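Asks: build me a structure from this.
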Amino acid sequence: MARQIEAGFSRVLSLDTMRGFTIAAMIMVNFPGSEEHVFPTLRHTKWNGLTFTDLIAPVFLFIVGVSIAFAYSRRLQENSPKTELYKKIIIRSLKIFAVGMFLNLLPNFDFPNLRYTGTLHRIAIVFLSCAILFLNTNWKQQVYIGAGILIIYWLVMTLIPTPGMGKVMLDPGNNLAAWIDQQYLPGKMWQGNWDPEGILSTFPSIVSGISGMLAGRLLLSRSSPNEKVNYLVTTGLFVASAGYFWGLIFPVNENLWTSSFVLVTSGFAAMLLGALYFLVDIMDKKRGTKVGVIFGANAIAVYVLADILALLFYISSFDGKTLNQHFVDNLINGGIEPRLASLLYALLFVSVNFIPAYTLYRKRIFIKL
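Replies: Numbering: from 1, shown residues only. Below is the predicted model of the structure:
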């Protein structure tokens, strides 16, 4: 490995920037000013298809994979004991999962209706799986494992009839993944009888992390910076195109995290990272990156803080209306198009979260969940 990986592990500013803006985008789409007035691309697709919002979670999992490659390549070169690494990986995964459970309990701590899945839960599982995989496999084995998961998931979802239905189905709540969740997933499900972060769909989401690990290994390789950009963009375009054509028979679907969805979004993430790496790290175009770096320095902590601050902005009532309702209604009454008013509020909420993010960054406080 020492011959394949560079000795230096300097910060890749483009990765930090990408991580921060991804978290900012996640907060923006999670907290619109009004759920009734949202631009279509700022909503998740109801089923098949792809919007801007659908890209955010897989891009973040891709970034998790890249970060794993950077963090643990260094540890392996330093010959850090794997037992200690396993311990830290497991503890960190449990902490992220536990914080996800805490957020699901807010604001009423309704344990009987507790949801056991969510964004942080999936991040925790993907981090745990990918980190352990990275410590014990080479990049070729990771490619084979990732491809194997996607192919097996495709065959399982399209060849095994949904129990009780007598045929293969890929409809909301009526598919094999939903059936498994109904049988084995404890607690409340997001959509009543199915959950977009359910048991079976977690397996292909791990491949989103694996794709990031492969990109991270490339960035750490001895290839020239321009070669790295070419590999990222070219491979990303090929992978995304393959996902598009696979989607003709196994639709691109975030709710099921289909194999085609993994390829399309991982390909997009690789191209985005390649473009940012070229502009920021090679061309030294750093203007505008500071906001991303600040958000990214405490990415998960800021995400958690946004959920907590939302209790004040979205639940606290003043004169019979919440703060977001007051804001959006005033803009609409002033002649602003409702969906734009809702977006402006979401951007304002992102800006509010930037304040503690900046404070932590300025004080050099980095919260590692």
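
Asks: so which elements touch the helix or strand where Ala98 lies?
Replies: Under DSSP states H and E, the secondary-structure element containing Ala98 is helix 82-105. With contacts taken as 3 or more CB pairs under 8 Å, 6 or more residues apart in numbering; DSSP states H and E, helix 82-105 sits against helix 119-136, helix 299-310. Any C-beta I mention is one placed from the backbone N, CA and C, and that applies to glycine too.

Asks: my reading is that Phe366 lies in a strand. Confirm?
Replies: No: under DSSP: H, G, I helix; E, B strand; the rest coil, Phe366 sits outside any strand and is assigned coil.

Asks: tell me how far Phe349 lies from Leu220.
Replies: As judged by CB to CB, to the nearest Å, Phe349 and Leu220 stand 36 Å apart.

Asks: re earlier: nearest approach to Gly173 belongs to which of the helices and strands packed on helix 82-105?
Replies: Shortest distance between Gly173 and those, using CB to CB, is found for helix 119-136: 19.6 Å.

Asks: quick one: the closest one to chain centroid distance?
Replies: Relative to its chain's centre, helix 119-136 lies at 12 Å (CA atoms, centre = their mean, to the nearest Å).

Asks: ditto for stretch 112-128
Replies: For stretch 112-128, the distance to the chain centre is 12 Å (CA atoms, centre = their mean).

Asks: quote the end-to-end distance of that stretch.
Replies: Taking CA to CA, to the nearest Å, stretch 112-128 runs 28 Å from one end to the other.

Asks: contact partners of it?
Replies: Defining contact as CB atoms under 8 Å, 6 or more residues apart in numbering, one finds that stretch 112-128 is touched by 26, 57, 60-61, 64-65, 68, 89-90, 92-94, 96-97, 99-101, 103-105, 185-190, 195, 197-198, 202, 205-206, 208-209, 300, 303-304.

Asks: so Thr137 sits against Ile145, correct?
Replies: Yes: in terms of CB atoms under 8 Å, Thr137 counts as a neighbour of Ile145; the distance is 7.0 Å.

Asks: burial of Ile336, as a residue count?
Replies: 15 (other CB atoms under 10 Å).

Asks: what's the distance between it and Asn136?
Replies: Distance, Ile336 to Asn136, using CB to CB: 54 Å.

Asks: repeat that for Trp246.
Replies: 28 Å.

Asks: cool, and Tyr72?
Replies: 11 Å.

Asks: of those two, who's got more company?
Replies: Each of Tyr72 and Asn136 has its neighbours counted (other CB under 10 Å); Tyr72 has more, 21 against 10.

Asks: quick check: pLDDT value at the nearest residue to that one once chain neighbours are set aside.
Replies: Spatial nearest neighbour of Tyr72, excluding adjacent residues (CB to CB, 6 or more residues apart in numbering): Phe134 at 5.3 Å. Note for Phe134: predicted pLDDT of 97.

Asks: and what of Ser259?
Replies: Looking at Ser259, its pLDDT stands at 98.

Asks: which stretches of this structure form strands?
Replies: Per DSSP state E, the chain has strands spanning 170-171, 174-175, 317-318, 321-322. These are given in chain order.

Asks: return the most buried member of those.
Replies: Stretch with highest mean neighbour count among these: strand 174-175 (a mean of 19; mean count of other CB atoms under 10 Å).

Asks: who touches the residue nearest to Tyr72 in this structure?
Replies: Contacts of Phe134 were listed using CB under 8 Å, 6+ apart, and they are Ile68, Ala69, Tyr72, Gln142, Met213.
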